[in-house]
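# Return atomic coordinates for the entry below.
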Amino acid sequence: MASQVKPLSADGNGPNSRHAIRVVLVDSQVIYRVGMRKIFAAEPDIEVVSQHDNLMDIQAVLPDEQPDVLILEGALATNHTIPEILAHSPNTKVIVQAAAMDESRTVELYRSGARGIIPRAIAPDLLVKCIRKVFEGETWIDNKAVAWVIEAYRSQASGQTGLKGQPRLSPKELTIIHYITQGKRNKEIASELGTSEQVIKNYLRKIYDKLGVSDRLELALYSLSHKLHLRGTPVEVNASPNS
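A predicted model of the protein is given here:
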């Protein structure tokens with residue numbers, strides 16, 4: 001059953017603002033839909049535009065609603081669910097909320113187009129943070145899932161060789177890429193290289209631009225596919241560029 005959600009505020013700062021993140025909820029359990037709506041109601045930049053308890057409904061409304069983010073119950077996510085959602089609404093970013101995940105299931109969902117996987121018991125503040133990060137173009141993924149996905153792509157890419165046409169990367173950039181493929185976060189990389197998190201962020205922005213990727217997961221997968229991670233060795237990273 002589908003349910004349209006009325007805007008909770010009519011002023012320019014409320015969830016009906018044109019700058020609000022438009023969210024659709026798809027969950028067979030009403031308690032989770034109600035809970036998430038209450039959480040988002042307190043956030044002026046997030047607007048729940050509709051909620052549904054099955055997949056049939058969203059196929060009909062997605063072309064018109066074109067939400068920024070869709071939160072999908074893990075039990076409803078089959079091998080074809082996310083590609084079908086993206087076919088109806090290509091710019092929608094899908095987050096899967098699952099009770100439990102294993103390695104093969106996690107890899108399968110990210111490969112099919114999920115931009116985040118979160119537990120059913122996620123804390124409200126993390127749920128809100130996840131929505132914002134995914135909306136901004138990042139992939140929401142924890143360290144364990146990073147390791148699973150990278151290992152899957154490492155195996156897939158093990159027979160691929162060749163670096164023709166690759167953008168020119170500095171030794172410092174290759175070093176950072178090396179650590180990214182190990183699943184390290186910016187703070188850990190900064191500690192390893194004796195610099196600050198901001199410097200690592202600045203380097204990553206340059207790397208993303210050079211390789212045409214949008215986040216650290218795409219960077220890791222690109223690196224493994226093109227064997228860039230094998231070219232990086234620890235070097236000192238000074239406070240540059242743009243520090």
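# Just give me the residue right at the centre of this protein.
Centre of the chain computed as the mean C-alpha position; nearest residue by C-alpha atoms, centre = their mean is residue 139, 1.7 Å away.
# need the contact list for that one.
Contacts for residue 139 were tallied using C-beta atoms under 8 Å, 6 or more residues apart in numbering; they are 110, 115-116, 215-218. Where C-beta positions appear, they are placed from N, C-alpha and C, glycine not excepted.
# Kindly recompute the last result at 6 Å.
Shown here is residue 139, whose contacts under the criterion C-beta atoms under 6 Å, 6 or more residues apart in numbering are 115, 215, 217.
# Around the last one, how many other residues sit close by?
Read that as residue 217. As a burial measure, the neighbour count of residue 217 was computed by other C-beta atoms under 10 Å and equals 21.
# Over to the first one?
For residue 115, the count of nearby residues is 25 (other C-beta under 10 Å).
# what's the following helix or strand after the helix or strand of the chain at the bottom of the mean pLDDT ranking?
Of all helical and strand segments in the chain, the minimum by mean pLDDT, DSSP states H and E falls on strand 2-4, at a mean of 51. Scanning forward in sequence from strand 2-4 by DSSP states H and E, the next helix or strand is strand 21-26.
# And residue 208, how far from residue 109?
Taking C-beta to C-beta, to the nearest Å as the measure, residue 208 falls 23 Å from residue 109.
# Show me which of the two is the more surrounded one.
Of the pair residue 208 and residue 109, residue 109 is the one with more neighbours under other C-beta under 10 Å, namely 25 against 17.
# how about that one, what does it touch?
Residue 109 makes contact with 96, 117 under the criterion C-beta under 6 Å, 6+ apart.
# Which element, helix or strand, includes it?
Using DSSP H and E, residue 109 sits in helix 103-112.
# Next secondary structure element downstream of that helix?
The first helix or strand that comes after helix 103-112 along the chain, using DSSP H and E, is strand 116-119.
# in that next one, what counts as buried?
Neighbour-count burial for strand 116-119, with 16 or more other C-beta atoms under 10 Å as criterion, is recorded at 116-118.
# What is the helix or strand following that strand packed up against?
Past strand 116-119, further along toward the C-terminus, the next helix or strand under DSSP H and E is helix 124-135. Using 3 or more C-beta pairs under 6 Å, 6 or more residues apart in numbering; DSSP states H and E as the contact criterion, the elements in contact with helix 124-135 are strand 69-73, strand 116-119.
# Could you export these as a markdown table, including mean pLDDT and distance to residue 194?
Rendered in a markdown table, the data for these read as follows (pLDDT from 0 to 100; distance: least, C-beta to C-beta, whole Å):
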| stretch | mean pLDDT | distance to residue 194 |
| --- | --- | --- |
| strand 69-73 | 97 | 37 |
| strand 116-119 | 90 | 32 |
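# domain ranges for the protein?
Structural domains annotated on the chain: 2-140, 150-231, as defined by automatic domain parsing.
# what's the distance between the longest one and the middle of its chain?
Taking C-alpha atoms, centre = their mean, to the nearest Å, one finds the center of domain 2-140 at 12 Å from the center of the full chain.
# Worst mean pLDDT among the domains of the chain?
Taking each of the domains of the chain in turn, the lowest mean pLDDT turns up on domain 150-231, with a mean of 78.
# Show me what counts as buried in stretch 63-76.
When neighbours are counted by 16+ other C-beta under 10 Å, the buried residues of stretch 63-76 are found to be 65, 67-74, 76.
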